[in-house]
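Below: sequence and its predicted model.
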Amino acid sequence: MEVLRTENLTKYYGSIKALDKLNLVVEQGQILGLLGPNGSGKTTTLGLLLSILHPTSGSFTWFENKYGDNHRLKIGSILETPNFYSYLNADENLKIVSRIKKVDTREFDELLELVRLKGRRKSPFSTYSLGMKQRLAIAATMIGNPEVVIFDEPTNGLDPEGIAEVRSTLKQIASSGRTVIMASHILDEVEKICSHVAIIKHGKLLATGSVGSILSDDITIEISGMERDRLKHFLDSYPNINTVTEQGLIFECSADADLNIADLNRKAVQSDINITHLVSRKRRLEEEFLTITNQ
Amino acid sequence: MLRLIQLEWAKFHKNNTIRMLLLFFMLFFPALLYFGKFKDQVPDVIAGKIKVYGFPDIWETLGYSGNWTIFFFLAALVIYTITIEVSNKTMRQSIINGLSREEFFLSKVINVVLLSFLITIFYSTLSLIVGIKNSTDFTWSMAFDNNWAGTRFFLMSMGYLSFALLFAFIFRKAGLAVFAFFAYTLIEQIFKLYLGRKISQELANYLPFNVIEDLHPNPLSKLASGFTEGVSILPHSHAMLFSLIYSILALAAAYWIFKKGDL
């Protein structure tokens, strides 16, 4: 089933075009990473889909219109920041979410256990650290057993421990079979968790598809040697090496998938270049993302 | 509707600002009765014509007190119940979580209606208690011969609180909305003077806050019939009808602003 379909979704803020004819389809069970630099339109996209912003033109449909105007009752979401009543505690805030979602839940032991907030459930929200606030927001997204979960930069502003905790919770949620839409800058996290990506820049959708299809067949070779200038010249002229960039002491090369690393090593030695570091790996999503967004 | 009432209760029953504003209202509302301590100093011309604490004038005495206390305390309370949701971003989170904009707006209107209803009960109870204590030859028909005082009080509260709700949705920040609410009062007074002198005093009397205020005017104003200028109170029926119209218009405008805007 199509969980979400957008058709030419467009949003202007005055004269600024924040989103330009977005056409996106999300199938049930996908874990979609929404990637883009700051100001690319990710949060605007999510805001439109969650009806807190009005589109300038275009449309979107959730769950093939199965739930009509009540589709948001089937969606759990964190948009930008965790938003709760600062003078109420975790239980009281979650009760409010339950009432909105028309869910008759009065006990939140399991949820608070999942996000490790059970010990602080009776403290007012205003006393929570940022990590705790974020975890409460994650707990709130799970109320009502939503079919879709949306996270907008869920690890923003967290310390490494907070990031690790949120990451672990997200992986649990992602493995539960739900459809997940995650806007994020942390590309290696998206690569680990997501099955699909959509890359947005300046409000335009640049690429979309499975992570595997987005990542090109090119490989990345990391190489360094004693004779840097000679090595640079060697790499620049070597067939099937497409780009060479310097990353400190190491040259990072993008090469065709059929390049033979053993041949490269042998020819470098024949050219009197002593190789000190040689690694061949598949391209990371981050590298692909930078390539796509810089085009 | 019950769900929305339960939601609003869950949000605000522990909020200290709301509690304080309600407390101030409950304390200051009967405060006019305190002036009874100085009743020996009231000029005979007034003491003879107005039974401040007895029927039927107690309805107007306390009604006039409500005019002030609703304006200052309860309007601020209604503004706060909306602007706190903007500043906490819980307004947008409520929509994200699945509440429709119609439901969210309806919950705020229910606040206004319920609050108006409850303080009308409070006003009526207090008026009856004080009136019975201070009236000789008390009868129930005498007690309720009050020109629809309860209905006027309810409409007065609805009027002020509807405009407070409108200003809250327009300005979205508590300080700004409260300031604008008070500033509008002054602006309307100035405009009323201008309209009265340049076009028509009668037309000037139908400006929104003047209409609402005339539902429970100063009890002494009925002694001013001998003055030819500056004192002009609308008939109760006109004030009731037009305050109802203005309340509906204010709520409709607030709804339109909320519905159309981005959150």
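The structure has been received and is ready for your questions. Residues are numbered from 1 along each chain as shown, chains lettered A, B, ... in the order given.

mind listing the helices in the chain by residue range?
Chain wasn't specified; assuming chain A. A:42-49, A:90-100, A:109-114, A:130-141, A:160-174, A:187-193, A:211-214, A:228-237, A:261-270, A:285-293 (DSSP state H).

To clarify, I was referring to chain B.
B:2-12, B:16-28, B:44-49, B:57-69, B:75-87, B:90-97, B:101-134, B:140-143, B:149-171, B:174-198, B:201-204, B:208-213, B:236-260.

now the angle between helix B:57-69 and the second one, please.
Going by axes from the mean of the first three to the mean of the last three Cα atoms, to 10 degrees, helix B:16-28 is angled at 150 degrees with respect to helix B:57-69.

quick one on the thing from earlier: just put the helices of chain A in a markdown table and tack on distance to chain B and mean pLDDT.
From N, CA and C alone the C-beta is placed, and that goes for glycine too. Output for the helices of chain A, formatted as a markdown table (distance: least, Cβ to the nearest Cβ, whole Å; pLDDT from 0 to 100):
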| stretch | distance to chain B | mean pLDDT |
| --- | --- | --- |
| helix A:42-49 | 8 | 93 |
| helix A:90-100 | 5 | 94 |
| helix A:109-114 | 15 | 87 |
| helix A:130-141 | 8 | 90 |
| helix A:160-174 | 17 | 78 |
| helix A:187-193 | 22 | 76 |
| helix A:211-214 | 27 | 70 |
| helix A:228-237 | 51 | 89 |
| helix A:261-270 | 50 | 89 |
| helix A:285-293 | 27 | 71 |
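
Go through these and name the closest to A:Thr276.
helix A:228-237 (9.8 Å; Cβ to Cβ).

Report all helices and strands that the closest one contacts.
Helix A:228-237 sits against strand A:219-225, strand A:241-247, strand A:250-255, helix A:261-270, with contacts defined as 3 or more Cβ pairs under 8 Å, 6 or more residues apart in numbering or on different chains; DSSP states H and E.

wait, which of these is closest to B:Ala174?
strand A:241-247 (52.2 Å).

can you list the residues of the stretch 1-150 of chain B near chain A?
B:3, B:6-7, B:10-11, B:14-16, B:88-90, B:92-101 (Cβ under 8 Å from any Cβ of the partner chain).

returning to what we had before: by mean pLDDT, show me the worst of the helices of chain B.
Comparing mean pLDDT across these, the weakest is helix B:44-49, with a mean of 55.

residues in contact with residue 111?
No chain specified, so I'll use chain A. A:94, A:139, A:142-143 (Cβ atoms under 8 Å, 6 or more residues apart in numbering or on different chains).

Not quite, go with chain B.
B:8, B:78, B:81 are the contacts of B:Asn111 under Cβ under 8 Å, 6+ apart.

Burial check on the residue nearest to A:Leu48 when sequence neighbours are not counted, number of neighbours?
Spatially, and ignoring its direct neighbours in sequence, A:Leu48 is nearest to A:Pro55 (5.3 Å; Cβ to Cβ, 6 or more residues apart in numbering or on different chains). Neighbour count for A:Pro55, taken as other Cβ atoms under 10 Å in any protein chain shown: 20.

State the number of residues packed around B:Thr139.
That count, for B:Thr139 with other Cβ under 10 Å as the rule, works out to 10.

who's A:Leu35 bridged to?
Note on A:Leu35: beta-bridge partners by DSSP bridges are A:Ser184, A:Ile199.

Residues touching stretch B:132-143, excluding its own?
So stretch B:132-143 is in contact with B:51, B:53-56, B:58, B:128, B:131, going by Cβ under 8 Å, 6+ apart.

Looking at the residues you listed, which is nearest chain A?
Of all the contacts of stretch B:132-143, chain A sits closest to B:Leu128, with 36.5 Å by Cβ to the nearest Cβ.

Please tell me how far the closest one sits from B:Leu27.
Between B:Leu128 and B:Leu27 the distance is 20 Å, computed by Cβ to Cβ, to the nearest Å.

Among these two, which residue is more densely surrounded?
Legend: neighbour count by other Cβ under 10 Å for B:Leu128 and B:Leu27, higher for B:Leu128 (16 against 11).

burial measure for the closest residue to the more buried one other than its chain neighbours, as a count.
Nearest non-adjacent residue to B:Leu128, counting by Cβ to Cβ, 6+ apart: B:Ala143, 6.2 Å away. Residues near B:Ala143, counting by other Cβ under 10 Å, number 17.

And B:Tyr246, by the same measure?
21.

For it, give its distance to A:Val244.
Taken as Cβ to Cβ, the span from B:Tyr246 to A:Val244 is 74 Å.

cool, A:Tyr13 as well?
41 Å.

more neighbours, those two?
A:Val244 (18 against 12).

residues in contact with that one?
A:232, A:235-236, A:251-253.

again, 6 Å this time
Listed by Cβ atoms under 6 Å, 6 or more residues apart in numbering or on different chains, the contact partners of A:Val244 are A:235-236, A:251, A:253.
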